[in-house]
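In: Based on what follows, work out the 3D shape:
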Amino acid sequence: MRKIGFDFNNMMDYNAGRHGITAGELRAYAPKAGQAFRHIASVLKDSKKRVALSLEWANLPFQDKVSIAAIQKLGEEIAEKYENVVSLGIGGSYLGIKAAQDALQPPYYNDFPALRKGSPRIFFEGNNLDPETLSSLFANLNPKKTFIVVISKSGETTETKAALELAEAWLRKGVGPKFARQIVAVTGPSSGALREKVSAASAKDSLAYRSLPLLEGVGGRFSELNMGLLHLAITGVKIKEVLKGAGAMAKICGQAGLLKNPALLYAVLSVLEFKKKGKPVSIIMPFSEQLKSTADWYIQLLAESTGKKYARKVVLGEGLERWVEDRSRVLNTGRTPVAARGTNDLHSIQQNNIEGRNDKVVTFIRVEKVRRDLKLPESGDFLSGRKLSELLKTAQEGTAWALIREERPNCAISLPELNAYYWGALLFFFEMATAYEGELLGINAFNQPGVESYKNYMFHKLKKPGISKAVAEEIERNPVRKSRRYML
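Out: Numbering: from 1, shown residues only. Predicted coordinates for the structure are as follows:
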């Protein structure tokens with residue numbers, strides 16, 4: 001199969017001028033890049049290190065074929081029996097599967113039965129506390145024809161926990177005492193509130209609350225190739241094709257040498273633009289409507305992985321290493337990602353990209369061969385007889401050219417076509433690039449301590465048991481100050 005193309009020419013100085021990276025700067029940074037590559041490689045080759053440091057996601061393309069076949073079968077069974085599936089999850093447990101559905105299924109998948117080819121409609125919930133959306137679903141779906149998939153490692157995340165409890169009540173009322181046969185939980189393999197619920201239910205009824213494991217050492221934003229597999233199967237995607245593409249990219253991104261490894265080169269160029277050229281904003285702009293949700297998924301991946309306050313300290317001992325926060329080194333680092341899409345956002349954010357502050361790097365994603373194309377009728381004007389795919393490609397080329405005219409760095413990723421193989425490869429590329437970027441920044445790219453702050457506030461205000469005294473005191477002693485003067 002053809003490879004995904006990566007073109008970084010527009011990040012170099014001969015195109016982007018003083019805002020681009022010189023060959024000398026790249027050579028000077030090569031030793032640090034090599035060190036980052038070797039450290040990540042040393043972790044990835046050791047299964048205990050991968051799990052302990054939350055890099056087990058890198059092994060997901062090579063999962064056991066028997067397990068994958070079982071998930072494929074379960075998904076197909078659900079699809080055959082039910083008209084609707086409600087997927088409950090937040091963060092990576094929502095963004096990853098939404099990205100997969102939008103990329104690998106036709107637009108308007110839920111709206112037209114012919115496009116679904118016998119697969120059920122998919123609705124995404126548990127990712128927001130706004131009551132309007134879930135209320136609409138319960139009012140309009142038939143519970144007897146609806147299956148629930150809940151994805152949560154602990155079962156304690158407020159948004160998903162609340163949605164599940166409401167869904168259970170809705171199913172119980174509409175289906176009866178065996179409602180739990182219409183629920184699958186993708187959760188921690190051995191502990192957590194949701195795992196306890198699964199164990200208790202399945203002890204009474206083997207078909208109630210069936211489950212799949214969220215593997216140890218796989219963080220939510222890196223987990224699509226774990227928690228998202230059942231969703232792929234339900235919608236008719238062959239899981240093995242997604243994993244095959246990811247596996248092929250894993251081999252490419254495991255190569256030593258800056259000019260052989262696209263994920264490492266992307267990370268190095270991005271960090272150099274960030275640190276040396278004053279480019280803290282990363283705009284990801286697919287020229288494909290179906291990849292907009294993939295861009296949204298990448299927003300979480302980059303922001304949550306690299307937006308860190310403290311430097312990382314590597315602690316060695318007993319044959320393993322631990323990564324801890326170095327409280328003596330405050331970095332407040334990480335690029336700010338922004339999702340856009342061509343050509344729609346060429347009429348909005350592009351004005352700022354071209355003439356606003358030169359503090360951005362734009363990454364384009366384009367698809368060379370579309371699934372379905374349209375040709376304009378012969379009319380005698382400059383659009384006469386042209387295909388929409390030609391116009392789309394020309395628009396992307398024009399956008400890159402316009403940026404370069406203003407010395408605005410950008411790069412392009414080209415997928416030969418948008419299918420399960422290439423989409424799996426694209427996801428793995430971004431995951432590896434993010435791992436390398438975290439290493440180059442000297443931070444732990446696989447935790448998310450900043451996310452806990454709002455949760456602690458909610459848990460304290462809602463009087464959840466088990467909140468530490470220190471957390472409670474911090475919240476009570478630091479209220480947000482308000483002056484009526486500024487409340488209009």
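In: Need the three-state assignment for the residue of the chain positioned farthest from its centre.
Out: Farthest-out residue of the chain from its mean C-alpha position, per C-alpha atoms, centre = their mean: Gly380, at 44.5 Å. Secondary structure, DSSP: H, G, I helix; E, B strand; the rest coil: Gly380 is coil.
In: which parts of the lowest-mean-pLDDT helix or strand in the chain are buried?
Out: The weakest-scoring helix or strand in the chain, judged by mean pLDDT, DSSP states H and E, is helix 452-461 (a mean of 76). Of all the residues in helix 452-461, those buried under the rule 16 or more other C-beta atoms under 10 Å are 456, 459-460. In this view, the C-beta of every residue, glycine as well, is placed from N, C-alpha and C.
In: can you give me the helices for the stretch 1-150 of the chain?
Out: 13-16, 23-44, 47-52, 65-81, 92-104, 113-116, 131-140 (DSSP state H, counting those that start in this stretch).
In: One more: the stretch 151-300 of the chain?
Out: Under DSSP H, counting those that start in this stretch, the stretch 151-300 of the chain gives helices at 158-175, 193-204, 224-227, 229-234, 239-252, 262-276, 292-306.
In: looking at those helices, which is closest to Glu473?
Out: Closest to Glu473 of those, according to C-beta to C-beta: helix 158-175, at 21.6 Å.
In: If I take the closest one and helix 452-461, what angle do their directions form?
Out: 60 degrees (axes from the mean of the first three to the mean of the last three C-alpha atoms, to 10 degrees).
In: Tell me how many other residues crowd the closest residue to Tyr82 other than its chain neighbours.
Out: Nearest non-adjacent residue to Tyr82, counting by C-beta to C-beta, 6 or more residues apart in numbering: Phe147, 4.3 Å away. Neighbourhood size, Phe147 [other C-beta atoms under 10 Å]: 20.
In: Let me see the contact set for Phe147.
Out: 78, 81-82, 84-86, 120, 182-184 (C-beta atoms under 8 Å, 6 or more residues apart in numbering).
In: Any of those residues buried? List them.
Out: Buried among those by 16+ other C-beta under 10 Å: 78, 82, 84-86, 120, 182-184.
In: which one among those gets closest to Arg50?
Out: Val184 (26.4 Å).
In: circling back: which residues touch the least confident helix or strand of the chain?
Out: 157-158, 467, 471-472, 475.
In: how much space between the residue nearest to Val271 when sequence neighbours are not counted and Thr306?
Out: Nearest in space to Val271, with sequence neighbours left out and distances taken as C-beta to C-beta, 6+ apart, is Leu440 at 4.7 Å. According to C-beta to C-beta, to the nearest Å, Leu440 and Thr306 sit 10 Å apart.
In: Could you list the low-pLDDT ranges of the chain?
Out: Judged by pLDDT under 70, the chain has no weakly predicted residues.
In: Pop the domain breakdown of this protein in here.
Out: Using automatic domain parsing, the domain parsing of the chain gives 5-53+240-441, 56-239, 453-486.
In: thinking again about what came up before, what is the nearest of the buried residues of helix 452-461 to Arg2?
Out: Asn456 (48.4 Å).
In: ok, back up a step: against which helices or strands is the next helix or strand after the least confident helix or strand of the chain packed?
Out: Counting by DSSP states H and E, the element after helix 452-461 in chain order, helix or strand, is helix 469-477. Counting contacts by 3 or more C-beta pairs under 8 Å, 6 or more residues apart in numbering; DSSP states H and E, helix 469-477 packs against helix 452-461.
In: what angle do the helix it packs on and helix 469-477 make?
Out: 90 degrees.
In: So what's the gap between helix 452-461 and the chain middle?
Out: 24 Å (C-alpha atoms, centre = their mean, to the nearest Å).
In: from what I can see Tyr82 touches Lys144, true?
Out: No. Look at Tyr82 against Lys144 with C-beta atoms under 8 Å: they stay out of range, at 9.1 Å.
In: so what sits against both of the two?
Out: With C-beta under 8 Å, 6+ apart as the test, Tyr82 and Lys144 reach no residue in common.
In: Next up, the contacts around Thr434.
Out: Counting by C-beta under 8 Å, 6+ apart, Thr434 has contacts 267, 301-302, 305-306, 445.
In: and it, how far is that from Ala303?
Out: The separation that Thr434 has from Ala303, given C-beta to C-beta, amounts to 10 Å.
In: which residues does the closest residue to Val51 other than its chain neighbours contact?
Out: Once flanking residues are discounted, Val51 sits nearest to Gly217: 3.5 Å by C-beta to C-beta, 6+ apart. Counting by C-beta under 8 Å, 6+ apart, Gly217 touches 50-57.
In: Could you rerun that using 6 Å?
Out: Gly217 makes contacts with 50-51, 54, 56, as judged by C-beta atoms under 6 Å, 6 or more residues apart in numbering.
In: Who are the packing partners of the lengthiest strand in the chain?
Out: For the chain, the longest strand by residue count, based on DSSP state E, is strand 320-333. Packed against strand 320-333 by the contact rule (3 or more C-beta pairs under 6 Å, 6 or more residues apart in numbering; DSSP states H and E) you find strand 308-317.
In: Relative to Ser54, how far out is the nearest residue to Glu56 once chain neighbours are set aside?
Out: Spatial nearest neighbour of Glu56, chain neighbours left out: Gly217 (3.1 Å); criterion: C-beta to C-beta, 6+ apart. Plainly put, Gly217 is 5 Å away from Ser54 if you go by C-beta to C-beta.
In: Then Glu406?
Out: Counting by C-beta to C-beta - Glu406 and Ser54 are separated by 40 Å.
In: If you count surrounding residues, which of the two has more?
Out: Ser54 (18 against 13).
In: was I right about that one contacting Asn447?
Out: No. Using C-beta atoms under 6 Å, Ser54 is not in contact with Asn447; the gap is 7.3 Å.
In: still on that earlier bit, okay if I get the contacts of Thr434 as JSON lines plus distance to Gln255 and neighbour count?
Out: Below are the contacts of Thr434 laid out as JSON lines (distance: C-beta to C-beta, whole Å; neighbours: other C-beta atoms under 10 Å):
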{"residue": "Ala267", "distance to Gln255": "14", "neighbour count": "26"}
{"residue": "Leu301", "distance to Gln255": "22", "neighbour count": "24"}
{"residue": "Leu302", "distance to Gln255": "22", "neighbour count": "24"}
{"residue": "Ser305", "distance to Gln255": "22", "neighbour count": "24"}
{"residue": "Thr306", "distance to Gln255": "23", "neighbour count": "25"}
{"residue": "Ala445", "distance to Gln255": "20", "neighbour count": "31"}
